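Asks: Predicted model and sequence follow; I will ask about them next.
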Amino acid sequence: MTIQKENFFHKVYAIVRQIPEGRVSTYGAIGKNLGSAKSARMVGWALNNCPSDVPAHRVVNQKGLLTGKIHFEGINLMQQLLENEGLVIENNQIIDLEKYLWEPSCFTQ
DNA sequence: CTGTTGACTGTCG
DNA sequence: GCGACAGCCAACA
């Protein structure tokens, strides 16, 4: 891959873009892929500048909680988008997270 | 340059 | 299982 020492954000964007529909990823998984699971904060920061090309609504915390929804214009938007992809959200939390969880290292799709 | 903040996670008690 | 602290890196004041 032509992926090289790109900016931290670029890596996050690249990974999030690879998230297939109906699947979700976690900050820890992405951060770990970047080199450190503790860099999950940077993932959130990067997504704070999330371009329209990045489905940030597919990125949730380890608990499957839609912590990022607060940054969305619509509080229900993130949940609505996930539900639209076949996911089940309840109380701002993803049901059967393991079932829909997708890891950057798992390109098996 | 220094300090604070941020869509988090892991470890310790 | 839950609360508190530490670690991680980058941007902003």
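Replies: Arrived safely, thanks for sending. Everything numeric in this text was worked out from a predicted model, so none of it was measured. Numbering: from 1, shown residues only, chains lettered A, B, ... in the order given.
Asks: ok, the nearest residue to A:Val59 once chain neighbours are set aside - how many residues close by?
Replies: Leaving aside its sequence neighbours, A:Val59 sits nearest to A:Ser25 (CB to CB, 6 or more residues apart in numbering; 5.5 Å). Any C-beta I mention is one placed from the backbone N, CA and C, and that applies to glycine too. If you count neighbours by other CB atoms under 10 Å, A:Ser25 ends up with 24.
Asks: host element of A:Ser25?
Replies: Assessed by DSSP states H and E, A:Ser25 sits inside strand A:25-26.
Asks: hmm, that strand in reach of DNA strand C?
Replies: No. Using CB under 7 Å from any atom of the strand, we find that strand A:25-26 stays clear of DNA strand C, coming within 13.1 Å at best.
Asks: Quick one, grab the pLDDT at A:Lys32.
Replies: pLDDT for A:Lys32: 88.
Asks: can you check A:Asn91 too?
Replies: 89.
Asks: from chain A, which residue is nearest to DNA strand B?
Replies: Chain A approaches DNA strand B most closely through A:Gly68 (1.8 Å), counting by CB to the nearest atom of the strand.
Asks: Tell me, how many residues neighbour the closest residue to A:Lys69 other than its chain neighbours?
Replies: In space, and not counting its chain neighbours, A:Lys69 is closest to A:Met78: 3.9 Å by CB to CB, 6+ apart. By the criterion of other CB under 10 Å, A:Met78 has 24 neighbours.
Asks: A:Leu47 too?
Replies: 22.
Asks: Now do the contacts for the residue lying closest to A:Lys38 once chain neighbours are set aside.
Replies: Distance criterion CB to CB, 6+ apart; nearest residue to A:Lys38, sequence neighbours excluded, is A:Gly31 at 6.7 Å. If you count contacts by CB atoms under 8 Å, 6 or more residues apart in numbering, A:Gly31 has them with A:Ala37, A:Lys38, A:Ser39, A:Ala40, A:Arg41, A:Met42, A:Val43.
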